[in-house]
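*Asks:* Dropping a prediction and its sequence here:
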Amino acid sequence: MTDCIFCKIAAKEIPANKLYESENFIVFLDISPANKGHALIVPKMHAQSLTELPEYVAQEFGEIQLKLSKAVMQATQAEGFNLLLNDGKVAGQEVMHAHMHIMPRFFTDDFHFKWTHKKYGANEMQEYFEMIKGNL
Ligand code: AMP
């Protein structure tokens, strides 16, 4: 028996406003939305981090993002949207089961999502470029 709330929703042990379901995914409305129509795309397989998902699941993730983003935009008549995946406590993840938020946005909403832009030191950008490329 899992303690994970999204595993319980995927297993239909607790209810959710299900928008879409496939063999590997369930999509439902966020119970406490940033704006009305805020949806969550959740892989049924339990993985805390996106990086733990197998590639075939990650590929379907992309397809569902496109499908659901269009539906949320049409339905809410939003002026834009954010796709947001908080990965890890430090990044704001509260439910430790990987999921993607689709958040409809309006110019008049109260959503603040800002960071300060850092500067690279001499050669640092090249170093990061090479470190990341070296891990591909
Ligand atoms: P995060 O901070 O990225 O882990 O986001 C977790 C999200 O899950 C929050 O926006 C919550 O409102 C949402 N949430 C938590 N429990 C439920 C639930 N039972 N049904 C729908 N959404 C939920």
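*Replies:* Here it is on my side, so go on. Residues are numbered from 1 along each chain as shown.
*Asks:* quick one: Leu19 and Asp30 touch, right?
*Replies:* No: counting by C-beta atoms under 8 Å, Leu19 stays clear of Asp30, with 10.9 Å between them. Every residue, glycine included, has its C-beta placed from N, CA and C.
*Asks:* tell me, what's touching these two both at once?
*Replies:* Ala39 (C-beta atoms under 8 Å, 6 or more residues apart in numbering).
*Asks:* bridging residues for the most centrally placed residue in the chain?
*Replies:* The centre of the chain sits closest to Met100, judged by C-alpha atoms, centre = their mean, with a distance of 1.4 Å. Assessed by DSSP bridges, Met100 has beta-bridge partners Ile41.
*Asks:* show me the contacts for it.
*Replies:* Leu40, Ile41, Phe61, Gln65, Leu83, Leu84, Leu85.
*Asks:* Roughly how far does the residue lying farthest from the centre of the chain sit from Met131?
*Replies:* Here the centre of the chain is the reference, and by C-alpha atoms, centre = their mean the most remote residue is Ala122, at 34.2 Å. From Ala122 across to Met131, the span is 16 Å (C-beta to C-beta, to the nearest Å).
*Asks:* Shouldn't Asn35 be within a strand?
*Replies:* No: assignment of Asn35 by DSSP: H, G, I helix; E, B strand; the rest coil gives coil, placing it outside any strand.
*Asks:* Just give the nearest non-adjacent residue to His46, would you?
*Replies:* Cys7 (5.3 Å; C-beta to C-beta, 6 or more residues apart in numbering).
*Asks:* For Gly134, see how far away the one you found is.
*Replies:* 35 Å.
*Asks:* Understood, closing this out.
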